[in-house]
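Student: Predicted model follows, preceded by the sequence.
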Amino acid sequence: MMTSSLPRTVSGIQATSDSLHLGNYIGALQQFVVHQESHDAFYFIANMHAITVEQDPSDLRERTLRTAAQFIAAGIDPEKSTIFVQSQVPAHPQLSWVLECTTSMGEASRMTQFKDKSAKQDHVSLGLLTYPALMAADILLYNPQMVPVGEDQRQHLELTRNLAERFNYRFGETFVVPEAQILKSTAKIYDLQNPSSKMSKSLPSPLGRIDLLDDAKSLTKKIKSAVTDDGKEIAYEPESKPGVSNLLTIYSSLTSRSVDDIVAEYEGKMYGHLKVDLAEIAVEALTPVRERTNELLQDRAQLQAILDSGAAKANEIAEVTLREVYDKVGFV
Ligand code: AQP
């Protein structure tokens, strides 16, 4: 097995929609692209997490490939990063079982994501409760030093660290205890219509969510109709001006300019000016991602080959960790 001397990183995104949204792009994908330069990077499409809520099988299959295409179109280079599908590495659910038996009911049921999502479902699956143990397995199998995620995953990462420490204490040094990498400035992109909620696939108003695959017309419409705040001044004040502050965060991430610099440029201007310019910036930044995604989806055999080769590499590493864990817990 070829191993890299670089520190390792792992992260994933669920295949729960046709298009990833701007929160996924800024909070996760942009970080993935940066870290592939300095890390042995493993990025996966979390199709097993996706079925914790009901999914149509043909949609899930299609969305898995579409998510992979968006990873690559956003700049994840299969020559530098290992891109794979979670269900193609059986060690993920195998280690998850061991970690489920290490997690208490109290810990799992305290998770905010479980509480939020279970409140929205008629049928609450057991998988929704055990989701964080599978996420811990996704991570710990690869012994990464660092895991880039958005703010909403902080609590799951904390549990992952606790489970790693608990296992190491009980069975001897096995797992690296990973650090969460949560960029303060972009950790939470908010819904454009309801800037107190995070931008999310499951919020009811599609106007509040920018999809990576939106065309120029709908991107522009969504940004121009974003909810802004009382007053006129363009200022970064997340408490009193959440709508404008969210637009400034998006502006800053898409241009790599500091928020202070942008605020200075718009001194004395109206919210409308900011929105018009941001719409143009978003169209310019996201159109190549959309076009490249569509191009990649024309050659599904090639995409599948990238995923197969990623799965082979992920399996090699994951199986070594799983064997060690099985041995330590006493499985013959
Ligand atoms: N709004 C966001 N701002 C910053 N980061 C975000 N992430 C998600 N939303 C934001 C980060 O994207 C990565 C993948 O997220 P996920 O696969 O857990 O799915 P999701 O997109 O978080 O799911 P949604 O949109 O919230 O859909 P539902 O409503 O189905 O649960 C993670 O690193 C996450 O932090």
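Tutor: Received, thanks. In this text the structure is predicted, and so the values were computed from the model without any measurement.

Student: What is the three-state secondary structure of whichever residue of the stretch 201-332 of the chain sits closest to the ligand?
Tutor: Nearest residue of the stretch 201-332 of the chain to the ligand: S202, at 3.0 Å (Cβ to the nearest ligand atom). C-beta here means a position set from N, CA and C on the backbone, and glycine is covered the same way. The local conformation at S202, judged by DSSP: H, G, I helix; E, B strand; the rest coil, is coil.

Student: Need the phi and psi values for it.
Tutor: phi -100, psi 0 (degrees, to the nearest 10).

Student: Report the mean confidence score over stretch 224-232.
Tutor: Average pLDDT, stretch 224-232: 90.

Student: can I get the CA coordinates of it in CSV?
Tutor: This file holds the C-alpha atoms of stretch 224-232, laid out as CSV (Å, rounded to 0.1, in the frame of the first residue of the first chain):
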residue,chain,number,x,y,z
LYS,A,224,-31.9,40.3,-5.2
SER,A,225,-34.8,39.1,-3.1
ALA,A,226,-32.7,38.2,-0.1
VAL,A,227,-34.2,39.5,3.2
THR,A,228,-32.2,42.5,4.5
ASP,A,229,-32.5,44.4,7.7
ASP,A,230,-33.9,47.6,9.1
GLY,A,231,-31.7,50.7,8.5
LYS,A,232,-29.6,51.5,5.4
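
Student: Tell me, how many residues neighbour the residue of the stretch 201-332 of the chain closest to the ligand?
Tutor: 11 (other Cβ atoms under 10 Å).

Student: Likewise for L6?
Tutor: Counted with other Cβ under 10 Å, the neighbours of L6 add up to 14.

Student: what about stretch 135-152 and the ligand, touching?
Tutor: Yes - counting by Cβ under 6 Å from any ligand atom, the ligand is contacted by stretch 135-152 at V149, G150, D152.

Student: So what's the residue count around the last one?
Tutor: Residues within reach of D152, counting by other Cβ under 10 Å, total 17.

Student: on that earlier part again, and the residues of stretch 135-152 next to the ligand, which is closest to the ligand?
Tutor: Set against the ligand, the nearest of these by Cβ to the nearest ligand atom is G150 (2.5 Å).

Student: Just the pLDDT for that closest one.
Tutor: Note on G150: pLDDT of 87.

Student: check contacts around it.
Tutor: By Cβ atoms under 8 Å, 6 or more residues apart in numbering, the residues touching G150 are G23, N24, G27, A28, I182, T186, A187, K188, I189, K198.

Student: Pop out the phi and psi values for it.
Tutor: The phi/psi pair for G150 (degrees, to the nearest 10) is phi -80, psi 170.

Student: returning to that earlier point: give me the subset of the contacts of G150 that also touch the ligand.
Tutor: Restricting these to those near the ligand - Cβ under 6 Å from any ligand atom - leaves G23, N24, G27, A28, A187, K188, I189, K198.

Student: Please verify my assumption that the last one contacts K188.
Tutor: The one in question is K198. Yes - shown here, K198 and K188 form a contact pair, counting by Cβ atoms under 8 Å, at 5.4 Å.
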